[in-house]
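Asks: Build me a structure from this.
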Amino acid sequence: MKIKHFMYEKSDGDESERQVMVLHENKAYLEGIDITKLTPQEVLQLFSIQREYEAKIGPFIKKAYRRFNQDNIKKILAETKE
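Replies: Residues are numbered from 1 along each chain as shown. Alright, predicted model coming up:
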C-alpha cells in the first residue's frame, strides 16, 4: 500500500492538500482513493480491507502477475468486464 501526501493545484489555480492511497501511477497520472475525503473511521476500515486483500492475493501475484507491452498485443480475442 502506497500513500502519497502532496499539494495539488487545479487548472483554476485552487490549491489543496491531499493524501491518496495510490492504486495506479504513471508519468501522466496518479490514480487512487483520496483519503482526505474520508472520515478517520473510514480510513482505518479502508486500510484494513487493503491489508487483507494484499495478504489474500499475494500468492497469486507472486505466481502469475505479468506486465504486457500494449504495442506487442496484436489481436484482442475477447474482452469482458465484471
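Asks: any idea of the pLDDT on the most centrally placed residue in the chain?
Replies: Most central in the chain under C-alpha atoms, centre = their mean is L23, positioned 0.5 Å from the mean C-alpha point. Note on L23: pLDDT of 94.
Asks: counting contacts, what elements does the host helix or strand of it pack onto?
Replies: In the assignment (DSSP states H and E), L23 maps to strand 15-25. Counting contacts by 3 or more C-beta pairs under 8 Å, 6 or more residues apart in numbering; DSSP states H and E, strand 15-25 packs against strand 2-9, strand 30-34, helix 40-64. No exception for glycine: its C-beta is placed from N, CA and C like everyone else's.
Asks: Please work out which of these is packed deepest.
Replies: strand 30-34 (a mean of 14; mean count of other C-beta atoms under 10 Å).
Asks: residues in contact with that one?
Replies: With contacts defined as C-beta atoms under 8 Å, 6 or more residues apart in numbering, strand 30-34 is touched by 4, 18-25, 46.
Asks: now that strand and strand 15-25, what's the angle there?
Replies: 110 degrees (axes from the mean of the first three to the mean of the last three C-alpha atoms, to 10 degrees).
Asks: May I have the strands that pair with strand 30-34, each with its orientation?
Replies: strand 15-25 (antiparallel) (DSSP bridges).
Asks: give me the low-pLDDT residue ranges for this structure?
Replies: Within the chain, no range satisfies pLDDT under 70.
Asks: switch the cut-off to 90
Replies: Scanning the chain for pLDDT under 90 picks out 26-27, 67-68, 70, 81-82.
Asks: related to what we said a few turns ago, how far does the strand holding L23 sit from the chain's center?
Replies: On the basis of C-alpha atoms, centre = their mean, to the nearest Å, strand 15-25 sits 9 Å off its chain's mean C-alpha point.
Asks: Stretch 24-42 too?
Replies: 7 Å.
Asks: Apart from its chain neighbours, what residue comes closest to the residue nearest to the centre of the chain?
Replies: Computed as C-beta to C-beta, 6 or more residues apart in numbering, the closest residue to L23 that is not its neighbour in sequence is G32, at 4.5 Å.
Asks: Dig out what that neighbour forms beta bridges with.
Replies: Bridge pairing for G32 - DSSP bridges - gives V22.
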